[in-house]
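1. Just need the structure, nothing else, for what follows:
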Amino acid sequence: MKIAVYAFDGATMFHLAVPQIVFDEVARQGLAGWKTVLFSDQAGEVTTAEGYRLGEVEGPEAAEAADVVVVPSWFDDGRVPSDSLRQVLQDAHGRGAPVLGLCLGAIPVADAGLLAGRRAVTHWQAFDSLAARHPDVPLDQSVLYIDHGDVLTSAGTASALDACLHLVRARLGAEAANQVARSLVIAPHREGGQAQYIERPVPKRATDDPISRLLEWALSRLGEPLTVDLLAAQAHLSRRTFVRAFRAATGTTPAAWIRARRLDAARRLLETTDLSIEQVATDCGFGNAVTLRQNFAAVFSTTPTEYRRRFDTRAG
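-> Numbers count the residues shown, from 1 in each chain. Model (predicted):
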């Protein structure tokens, strides 16, 4: 898969590096033949915000056959994109190549007409200006990224890592995304406003913190009933105090966090074992296959069986 990343004078090294380091790691890990290429409005040299000169940046023709096109950020003044970039984005979208607008990169994606009437997210500092410029684009401040399948936008700076890993997960499965995340020592999956999660999704917090201990405890018991009252009791907190502390630590509710972790566990089992769907549902705490299928479809828009068919990592 060829991924074309738009480079421009004044872009930061970090923003340019994020899609390259995540997507190129896919190839370095031997997971798939992914390759990134930098392109701009014209071939030549680009000077980053830090003053580094990047030579041999390709012209817009490099994006013509790309399977994914990424705008990793944008000018701080929010200027209107060039006709060349606008055409690249529209052409990519027209041929079915996903378009990613990371951080302020959502601005030119919106200007290209790809977000009209669709939820989007960008850096919080650009929310007001983007809303004024495109009142037909509903902006959501509560999420790290929003993926419509054909167009993806992400919030500020580091959330671009989450968005790029999400694409790896969507194309190659959770196990591949986890392998890339482990190699890069970054969180394999963050949702909404959640704190960082490394390998097993537990925020880095003091070891004597009741919520941190509770999350570790819950992850080892996903197959058991885990009610809010039980979790609060395990944390030695009142229900009200527990719910408030849990949201502060994870950015979500206990029920939503448990459901997401159970779905993560179910995906790993579907990818790596031949357990029946009923057994996967039981082992992950959904109780029965019907409940697993309902939750799976609501979040991933597919069935457990279809997911296994696509992402089975076992030999043969």
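2. all strands for this protein, in order.
-> For the chain, the strands defined by DSSP state E occupy 2-6, 35-39, 44-47, 53-57, 68-71, 99-101, 145-147, 151-154.
3. counting contacts, what elements does the third one pack onto?
-> Here strand 44-47 is seen to pack against strand 53-57 when contacts are counted using 3 or more CB pairs under 8 Å, 6 or more residues apart in numbering; DSSP states H and E. To be clear about C-beta, it is placed using only N, CA and C from the backbone, and glycine gets the same treatment.
4. Please identify the buried residues of the strand it packs on?
-> Neighbour-count burial for strand 53-57 flags Leu54, Val57 (criterion: 16 or more other CB atoms under 10 Å).
5. So for Asp209, which of the strands of the chain sits nearest?
-> strand 145-147 (27.4 Å; CB to CB).
6. Name every strand pairing with that closest one and say which way it goes.
-> strand 151-154 (antiparallel) (DSSP bridges).
7. first to last residue in stretch 111-127, what's the distance?
-> 14 Å (CA to CA, to the nearest Å).
8. between the strands of the chain, which has the poorest average model confidence?
-> With a mean of 91, strand 145-147 has the lowest mean pLDDT of those.
9. ok, back up a step: quick check: which of the strands of the chain is nearest to Asp312?
-> Closest to Asp312 of the strands of the chain is strand 145-147 (CB to CB; 22.8 Å).
10. which outside residues touch that closest one?
-> Counting by CB atoms under 8 Å, 6 or more residues apart in numbering, strand 145-147 makes contact with 119-121, 140, 152-155, 159, 162-163, 166-167, 170, all of which sit outside it.
11. Output the longest helix belonging to the protein.
-> Using DSSP state H, we find that the single longest helix of the chain is helix 254-272.
12. Show me how far stretch 70-90 is from its chain's centre.
-> 21 Å (CA atoms, centre = their mean, to the nearest Å).
13. Just give the number of residues close to the residue lying closest to Ser82 once chain neighbours are set aside.
-> Once flanking residues are discounted, Ser82 sits nearest to Asp41: 5.1 Å by CB to CB, 6 or more residues apart in numbering. Neighbour count for Asp41, taken as other CB atoms under 10 Å: 18.
14. Not counting sequence-adjacent ones, nearest residue to Thr157?
-> That would be Cys103: by CB to CB, 6+ apart, it lies 5.8 Å from Thr157.
15. Relative to Val121, how far out is the one you found?
-> In this view, Cys103 and Val121 are 10 Å apart by CB to CB, to the nearest Å.
16. which ones are touching the residue nearest to Thr157?
-> His15, Pro72, Ser73, Trp74, Thr122, His123, Ser154, Ala155, Gly156, Thr157, Ser159, Ala160.
17. if we can go back for a sec, what comes into contact with the longest helix of the chain?
-> Contacts of helix 254-272 (CB under 8 Å, 6+ apart): 173-175, 189, 191, 194, 201, 215, 218-219, 222, 226, 228, 231, 242-243, 246, 250, 252, 275, 280-281, 283-286, 292, 295-296, 299-300, 304, 307-308, 311-314.
18. In helices, which of those fall?
-> Among these, the members found in helices (DSSP H) are 174-175, 215, 218-219, 228, 231, 242-243, 246, 250, 280-281, 283, 292, 295-296, 299-300, 304, 307-308, 311.
19. List buried residues within these.
-> Here, 16+ other CB under 10 Å leaves 174-175, 215, 218, 231, 242-243, 246, 250, 280-281, 283, 292, 295-296, 304, 307-308, 311 buried among these.
20. Low-confidence stretches in the stretch 201-316 of the chain?
-> Across the stretch 201-316 of the chain, the ranges flagged by pLDDT under 70 are 201-208, 315-316.
21. Val88 contacts Val70, doesn't it?
-> No. Using CB atoms under 8 Å, Val88 makes no contact with Val70, being 11.0 Å away.
22. any common contacting residues for those two?
-> Contacts common to Val88 and Val70, judged by CB under 8 Å, 6+ apart, are Ala4, Tyr6.
23. Compare those two and say which is more crowded by neighbours.
-> For Val88 versus Val70, neighbours defined as other CB under 10 Å are more numerous around Val70 (31 against 27).
24. quick one: the more buried one and Tyr6 touch, right?
-> Yes. Here Val70 reaches Tyr6: they are 6.7 Å apart, a contact under CB under 8 Å.
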